[in-house]
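Visitor: how would this look folded up:
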Amino acid sequence: MAKGSQLSQLKSALSQAGLSGQSQNGKKRKRTTLDEKEKEKKAAKLKNIQQKMNPFDVKVTKLKHDVGGRKIAGVMGRPAQSKQAGIEHRKKTLLKELENRDRSGGIVDRRFGENNPHMTPEERMLERFTRERQRASRGDAFNLEDEEELTHYGQNLSKFDDFDNVGFGLDDEEEDGGQIDRMTVQKSHFGGFDDEAADDDDEGQKGKRSKAEVMSEVMAKSKEHKFMRQAQQEEDENLRHELDKELDSIRSLLYAPDHSAAPPDTTSGKGDSKPIVTAGLNTEDLEEDKEYDQFVRELAFEKRAQPKDRTKTEEELALEEKEALEKAERKRMRRMNGEDDESDSEEGGGKKAKGRRQRGGDDLADDFMEEDDEWDGLGAGLGDRIGENGKNEDDSGDDEGEDEDEDEDEDESEQGEGDLGEDGVSESDAEEGEEGESEELVKTKKPKPKSKSITSGTEKELPFTFPCPSSHEEFMEIVEDIDDVEIPTVVKRIRTLHHPSLAQDNKFKLQALTGVLIDHILYITSPPTPRFSLLSTLIPHVYALTKSYPIQSAEHFVSKLNLMQKNLRRGLSHGVTETAAKTWPGLPELSFLRLIALIWPTSDMNHHVVSPARLLMGSYLGLCRVRTLADVASGLFLCTLFLQYEELSKRLVPEAINFLLNSLLHLAPHKFKDVAFLPGSFPAPDFQSERCKGLCIDKRKAKKLSVSRPDLTTILGQGAVDEQTKINLLGLALELLGQFADMYKSLEGFIELYQPVVDILEGIKADAIPADLTTRISSIRDTLGRLMKFSHQARRPLALQAHKPIPIPTYIPRFEHSSSNYLRNRDPDHERNEAAKVRAQYKQERKGAIRELRKDARFLAGEQQKKQKEKDKSYNDRMKRVYGSLEGERAEEKVMEREKMKDKKRAGKK
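Guide: Residues are numbered from 1 along each chain as shown. Predicted coordinates:
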């Protein structure tokens, strides 16, 4: 290309290509039109010149290692053209989608087979015809105005008669049998192709009929057959109605009397008696007929099912129970006052009350009780054990004693199923509590003990309505003359009468009742006469109230726990080893702690009631010192409670294990002489102390005794220190150690926790204890040995965190024997090489896709910006026009105002 300016270069390029126009000299030459090929050549030359004139439109990639003869794609590129091509392509595709994004409409071709290139035009027409017929048949199925028509296998019989022969004969007397005659078929359907035979036949007829006449005759015959069939149906229906009417005349024969049992009187004057219908039947048949008649009569007289009442809501049920209690109380008061029961009959208002006489006290019948006093499980109204009070009360007293013993045995075995009657407390602790230094949990004066020898005449009737007590003193006034068996009934009636749905204040009354019941439980479990059977019957009511009002109930429980903690601090301040100091929990405290485990969930990580209770029990076991055998019994019961508390969560309680080990050292004879010889590092402050020397088992007295379940009530109440009690407590401690081992066997520190236990068990003298205890100790020792063996096997030594090994750096060059091309990273493994290629291709395609998506996003953003600019421009134009019009109007208004002012001035001058 020649040097110089762009214009000179362009002229020289055009002249070299032969595209420069010739100068016109003289005459004007006639221009010749170019054909298509010449136009294309000229356009190609111009395009080539244009590309050469713009060197910035071409991008050349410089090769690092240029090898001759190679053709590499992508060395030269035209980014401007490719960019413009991409923009044009996006305008055709992406821009159209953007414009039609929120639009819906258009015509959708839903013709059958229209878009299926595999179907021929004949198949398409056949498919459309089939669908049209199906649609027409579906439309006729819901036409309710037509007459009822008979069908056979889902097909209409009338259509068969109109068009085709279906083979059903309508009547034996008809010659055609419901079919079209043969002549019609031959002439009108498919037999009329023989012209010669047709000519011969036509000569014998008057004239040839048209197809319309033939089809009208066919339709007339079809309608005639249809009418005859309907007439036959009506005749059959009339015949059935006549038979139904005549059935009453022969129905008496079905229920004819059994003449075989009572033969007719032959001596009567009439000798022309008719024969009996059933004379020819056998006796067995007659018996079967009797049974059948009996069953039929039973079915006829059976009562039909009545619709049941709807399920009542909780509020309706509570209201009914309250009304029933109030009605029963009114009846009781009238009976006590000697009034008549006429008002009862008026309130009941029934025929039932009028149909029987009023019974009095002189009636000696066994059913003197009113039958209409229906009750729903809230308890008995009148005392129905008249004349048997002494016997029943004595029996109930014996049963209570037996229940206490059974409950004590169950709590000692840690099954958690018995009552709370095994709680332990020492007599000295109770005396210290009464002195006033330690605050009592329940401040209520104890009433005089009830006499069990109550005669039948002095037995009182239990009322049906009670006020809701707000304090324990009021509750004691209510249940003062009521037996313990009736107290749960009283509580249930109080809850029923003060249901929360009956009044607004009932909710607060029941919340206060929860604290009253807790105080009463502490009251009845206090020495000297604890009543554990009553405690078991009150627990369900406390649980129900706690479930209804958990926050208020938790406040009552926490207040009692705070009071117990204060009493513990007061006892510790008086002296830990002092016998008069009340440090260990008493019988009410242990019952209260057991009640918490029954009502509240003990497996929660943090609980507002259970967590303080656990801390308090741990304080008892860790801070209190053993002084008497009652202290050991109380501590063992606390260990039992810990076992029940941690049954699900399996949290470690070191205080319980420590106390059990100290109990073994206090009760069992062993070979350890001093604290220094004890295995492990657990604290033993009372070991070999003067207070605990009397707790050890005597070899001479205990050798012939056997192990049984300890009677904790006797131990805590009477302070028994005999050898049998010591052996029973030692057996309980061994059993608790085994159960704690089974619960803690999954702990990582199980070996360190139970290794001192195994050593102490081995140090116990087997010849100084009964054979039963020796057998139990050996069994527990074997069990602990197996558990510790498994724990040893499950342990793994500590190791560093596993990581990928770090290779040693090497400086030896890597040689590839498979290929000499050092520019390509080839792997000798073919599969790995192919996988690397696929990953590289995927990476490249991913980059390309990301690049295209970014270009699309930029394009869309540019289009949206253009639209926004157009909107802004149109808006600004409209606003300018509006402002211009307003300004024009304002200018005209000012001109008018100036003219008016001038007129006024002229008028003023005149």
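
Visitor: Next, report how far the longest helix along the chain is displaced from the centre of its chain.
Guide: Ranked by residue count and defined by DSSP state H, the top helix of the chain is helix 830-909. Its chain's C-alpha centre and that of helix 830-909 lie 56 Å apart, by CA atoms, centre = their mean, to the nearest Å.

Visitor: name the helices or strands packed onto it?
Guide: With contacts taken as 3 or more CB pairs under 8 Å, 6 or more residues apart in numbering; DSSP states H and E, helix 830-909 sits against helix 79-92, helix 94-99. Placement of C-beta: from N, CA and C, glycine included.

Visitor: Arrange those in a markdown table, one row each, with mean pLDDT, mean neighbour count and distance to residue 507 as further columns.
Guide: Below are the helices and strands packed on helix 830-909 laid out as a markdown table (pLDDT from 0 to 100; neighbours: other CB atoms under 10 Å; distance: least, CB to CB, whole Å):
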| stretch | mean pLDDT | mean neighbour count | distance to residue 507 |
| --- | --- | --- | --- |
| helix 79-92 | 89 | 12 | 72 |
| helix 94-99 | 88 | 13 | 65 |
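
Visitor: nearest to residue 866, of those?
Guide: Distance to residue 866, taken as CB to CB, is lowest for helix 94-99 among those, at 10.6 Å.

Visitor: And the contacts of that closest one?
Guide: By CB atoms under 8 Å, 6 or more residues apart in numbering, the residues outside helix 94-99 that reach it are 856, 859-860, 863.

Visitor: Could you do stretch 669-678 as well?
Guide: With CB under 8 Å, 6+ apart, stretch 669-678 has contacts from 664-665, 684, 687-688, 696-697, 699, 756, 760, 763-765, 768-769.

Visitor: which of the contacts of helix 94-99 tops the neighbour count?
Guide: residue 859 (18 neighbours; other CB atoms under 10 Å).

Visitor: Spit out the contact partners of the closest residue to it other than its chain neighbours.
Guide: With CB to CB, 6 or more residues apart in numbering as the criterion, residue 859 has its nearest non-adjacent residue at 4.9 Å, and that residue is residue 90. With contacts defined as CB under 8 Å, 6+ apart, the neighbours of residue 90 are 855-856, 859.

Visitor: Show me the contacts of stretch 669-678 that map onto helices.
Guide: Mapping these onto helices (DSSP H) picks out 664-665, 699, 756, 760, 763.

Visitor: that older thread, redo the contacts of residue 90 as JSON lines? Include pLDDT and distance to residue 597.
Guide: Shown next, in JSON lines, are those (pLDDT from 0 to 100; distance: CB to CB, whole Å):
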{"residue": "855", "pLDDT": "93", "distance to residue 597": "72"}
{"residue": "856", "pLDDT": "93", "distance to residue 597": "69"}
{"residue": "859", "pLDDT": "93", "distance to residue 597": "73"}
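
Visitor: all helices of the stretch 401-550 of the chain, in order?
Guide: Listed in chain order, the helices of the stretch 401-550 of the chain (DSSP state H, counting those that start in this stretch) span 427-434, 472-478, 487-497, 506-524, 532-548, 550-574.

Visitor: quick one: average confidence on the fourth one?
Guide: So that's helix 506-524. Helix 506-524 shows a mean pLDDT of 89.

Visitor: repeat for the second one
Guide: Mean pLDDT, taken over the full extent of helix 472-478, equals 88.

Visitor: mind checking which helix or strand residue 40 is in?
Guide: Secondary structure assignment for residue 40, by DSSP states H and E: helix 36-53.

Visitor: Report the buried residues of that helix.
Guide: 45, 49 (16 or more other CB atoms under 10 Å).

Visitor: Sheet-wise, list the partners of the helix or strand following it with their directions.
Guide: Next helix or strand after helix 36-53 toward the C-terminus (DSSP H and E): strand 59-60. Partners of strand 59-60 in the sheet, by DSSP bridges, are strand 76-77 (antiparallel).

Visitor: can you list contacts of the strand it pairs with?
Guide: If you take CB under 8 Å, 6+ apart as the criterion, strand 76-77 is touched by 58-61.

Visitor: redo that, cut-off 6 Å
Guide: 59-60 (CB atoms under 6 Å, 6 or more residues apart in numbering).

Visitor: can you pull the buried residues of stretch 599-609?
Guide: 599-600, 602, 607, 609.

Visitor: Show me which of those residues is closest to residue 788.
Guide: Nearest to residue 788 among the buried residues of stretch 599-609, with distances taken as CB to CB, is residue 602, at 28.0 Å.
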